[in-house]
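Participant: What follows is a predicted structure for the sequence shown.
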Amino acid sequence: MPKRFTDSAKWDDPWFFELNNNDKLLWIYILDKCNYAGIYKVNLKMLNFCLISNYDFETIKEILKKRIIVIDSERIFIKKFINFQYGELKESCHPHRAVILELKKFRVLKGYSKGKNTLQDKDKDKDKGQDKVQDKEKHMDSVFLTKEEHLKLIKKFGEEKTQEWIENLDNYIGSKGKRYKSHYKTILVWSAKAGKTTGGDSLLQEEAEECSKNSRNFCSLSQGIENKFCKVCARYEERKRQYEQYKKGKEV
């Protein structure tokens, strides 16, 4: 037995409120009897038998004209059915494909070709995302790495430098609210930009690039010149101190 959502707020809808009791029942009947794409093939004999009524097609069209599109001499399409039942449709969502084909068949597809997945698909995607986070270990407040990723970083940078990278990334995420798909890949990208195995300079580079985008002033760090700290943002002194520490370590 097919199941679908029903709008309990219809009883507060002025249009629905103004219908007489028989016409209210007619609307509810059509909402239940239409197919998965919101298309109802009018069966007057069955409809009138179930509702103990005497409707004809012209009367139905007149009563429901604000809520339906007449497809042909025996079919109607419920305007808000798709948005209410599915959200907007998209080809990549498997449950939507049959709906899209049906709408194309009767040329009522307009406005329903892009958008969200079903609630069930969104729940599945959410579960997948939670599974991915659960597979990773939390480092400090905001950095997540799998055991394998953490070991790879230690092998590449050493335990001390790996912890330095993690701390820099954690501080950056905490201060900027940045989100990254992979913290492991982010650290590798930072190290590649820096061209060395210390975390501080890459952090300064990324922040300075962002500062340069948001300011008309000259940002020396984003230009890649020797004094690698930003001269325009509020954290100038901190960047300068970090760079000086890095420079001392490099000279040693």
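Facilitator: Perfect, thanks for sending it.

Participant: Tyr180 versus Lys24, what's the distance?
Facilitator: If you measure Lys24 against Tyr180 using C-beta to C-beta, to the nearest Å, the figure is 53 Å. (Each C-beta comes from the backbone N, C-alpha and C, glycine too.)

Participant: In contact with Ile60, which residues?
Facilitator: Ile60 makes contact with 26, 42, 76 under the criterion C-beta atoms under 8 Å, 6 or more residues apart in numbering.

Participant: Test my guess that the last one contacts Tyr40.
Facilitator: Yes. Counting by C-beta atoms under 8 Å, Ile76 touches Tyr40, with 5.4 Å between them.

Participant: Can you check which residues contact both of those two?
Facilitator: Ile30.

Participant: Would you mark the buried spots in stretch 137-149?
Facilitator: Across stretch 137-149, burial judged by 16 or more other C-beta atoms under 10 Å covers 139, 142-145, 149.

Participant: Repeat that for stretch 58-72.
Facilitator: For stretch 58-72, the neighbour count (16+ other C-beta under 10 Å) marks 60, 63-64, 67-68, 71 as buried.

Participant: Could you give the average pLDDT over that stretch?
Facilitator: Across stretch 58-72, pLDDT averages out at 94.

Participant: ok so, going back, among the contacts of Ile60, name the ones in helices.
Facilitator: Among those, the ones falling in helices (DSSP state H) are Leu26.

Participant: Give me the buried entries from the contacts of Ile60.
Facilitator: Here, 16+ other C-beta under 10 Å leaves 26, 42, 76 buried among the contacts of Ile60.

Participant: For the second one, which non-adjacent residue is closest in space?
Facilitator: Among residues not flanking Val42 along the chain, Glu74 sits closest, at 5.3 Å (C-beta to C-beta, 6 or more residues apart in numbering).

Participant: so that neighbour touches Phe57, yeah?
Facilitator: Yes. The pair Glu74 / Phe57 is scored as a contact, 7.3 Å apart, by C-beta under 8 Å.
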